[in-house]
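J.: compute the structure for the input listed below.
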Amino acid sequence: MTTLSLAAAANSNTVAVATADNTAGGSTPPPKKQTAGRDRLGAFAPKFAGLNDDVLFGQIWSRERELSPRDRSMITVAALISGGNFEQLSSHLKKAKENGVTQPEIAEVITHLAFYAGWPKAWSAFRIAKEIYGDAPDANNTAATGETNPNTAVSAAAPAAAAIKNAHLKNGALFPPGAKITNANFTGDAWLQMLHVAPVQLNAAIGSVTFAPAARNNWHTHETGQILLVTGGEGFYQEWGKPACFLKTGDTVNIPPNIKHWHGAAKDSWFAHLAITPGATQWLEPVTDAHYDCEQNRHEEMKPPGKTEHYTFQLSGKVTRQKVTFKNRYGILLTGDLYIPENRGESPLAALVISGPFGAVKEQSSGLYANTMAARGFVTLAFDPVLYGRKRRRTPPCRIPRHKHRGFQRGG
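T.: A predicted model of the protein is given here:
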């Protein structure tokens, strides 16, 4: 990540955070190669056994980008029940459970199929399903199960009445959610799916972490740093002593070594990211509810009121634009747009701070000039000469210092 000689860049959304920490939820071994065909029919029908193990399970089931293992399990179970193929149903129900299909979901699938495939088939399927899942209570009944299911869970810290965004992430983003994290290094509900553990060759663990709304990990540091790749939802990353940075799908975070930080989901959204962790992790104290709420509220206050912003110009294809906040020399919190050249390399770049002296806004001439200069290789910041980037249609009271309401000097 390029270090910019610009104070506003400190709050950029492109930060470095990666957390599938080695100690977060234990290592998950790589998927076991399917050998059922060869075990049962290898000598009698070797070609069929090879097609079963290598093509069906080795190739078709591994196409997770096209269709997740969980969805493939539900389709397969439905097909077997509809065809009355109950001999294979038991093993595929076990596989469905491993792939994250819950007891309430499998019960609903069979109930739905009863009206299309036949009532007797549903009764037969329920008998086998109960053997696999047991007489399971509702997935939200953690008092009975002792474990919250990622498909239904909402963190205790999450708002009960608010609409939850990105709920599809409960089933995983690019990868399955994995196992629930049960150690004391996380607040709320979170899951970890280890994707790679190879200390000899790569010397870095890769994990996919899924957070329920408002869930987050403790403050912690990484011995040799970490990289986070956000694969879904909305969340936060915060370094000690700095404001929290808002993260969304596609953002990346590069965490330097031994920097104290935390990351987790927004209150009203699920959140998932990949974490690449080459070294050891030191876990510290939890992020308190009061601290988390403060950062969440600060983010809400910075959102533009009412409607989305409208730009009067087209963003250059050579430039990226990010929302930032910063305090000027008077201690006033400002919001602006940071324009960064796409292929900027690693060298420091010259920076420009741009604002119209007579109330021009960053979506108009200031932003246009910043966009043009960024396309020529400058890092530019366009900001509004009004508090918090919001226009207030009222006359300032008399005697109010000029730097409190208008003037280019507020950017300094």
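J.: going by C-alpha atoms from here, please, whenever you check contacts or count neighbours.
T.: Will do.
J.: neighbours around Thr288, how many?
T.: Other residues lying near Thr288 total 12 when counted by other C-alpha atoms under 10 Å.
J.: ok, now how distant is it from Thr102?
T.: Going from Thr288 to Thr102 by C-alpha to C-alpha, to the nearest Å gives 31 Å.
J.: got it, and Asn218?
T.: 29 Å.
J.: quick one: contacts for Lys94?
T.: By C-alpha atoms under 8 Å, 6 or more residues apart in numbering, the contact set of Lys94 is Ile132.
J.: find the helix or strand that it is a member of.
T.: In this assignment (DSSP states H and E), Lys94 forms part of helix 86-98.
J.: that helix: what's the following helix or strand?
T.: For helix 86-98, the succeeding helix or strand toward the C-terminus, using DSSP H and E, is helix 103-117.
J.: quick one: the helix or strand following that next one to helix 103-117, angle?
T.: Sequence-wise, the next helix or strand downstream of helix 103-117 (DSSP H and E) is helix 119-133. Orientation check (axes from the mean of the first three to the mean of the last three C-alpha atoms, to 10 degrees): helix 119-133 against helix 103-117 gives 160 degrees.
J.: and helix 119-133, C-alpha only, in PDB?
T.: Extracted in PDB, the C-alpha atoms of helix 119-133 (Å, rounded to 0.1, in the frame of the first residue of the first chain):
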ATOM      1  CA  TRP A 119     -46.300 -38.600   0.700                       C
ATOM      2  CA  PRO A 120     -44.900 -42.100   1.300                       C
ATOM      3  CA  LYS A 121     -41.500 -41.000  -0.100                       C
ATOM      4  CA  ALA A 122     -41.400 -38.100   2.400                       C
ATOM      5  CA  TRP A 123     -42.100 -40.400   5.300                       C
ATOM      6  CA  SER A 124     -39.300 -42.700   4.200                       C
ATOM      7  CA  ALA A 125     -36.900 -39.700   3.800                       C
ATOM      8  CA  PHE A 126     -37.800 -38.300   7.200                       C
ATOM      9  CA  ARG A 127     -36.900 -41.600   8.900                       C
ATOM     10  CA  ILE A 128     -33.400 -41.500   7.300                       C
ATOM     11  CA  ALA A 129     -33.000 -37.800   8.000                       C
ATOM     12  CA  LYS A 130     -33.800 -38.300  11.700                       C
ATOM     13  CA  GLU A 131     -31.000 -40.900  11.900                       C
ATOM     14  CA  ILE A 132     -28.500 -38.400  10.400                       C
ATOM     15  CA  TYR A 133     -29.600 -35.200  12.200                       C
END
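J.: tell me what angle the helix holding Lys94 forms with helix 103-117.
T.: 140 degrees.
J.: buried set for helix 86-98?
T.: Buried residues in helix 86-98, counted by 16 or more other C-alpha atoms under 10 Å: Phe86, Leu89, Ser90, His92, Leu93, Lys94, Lys95, Ala96, Lys97.
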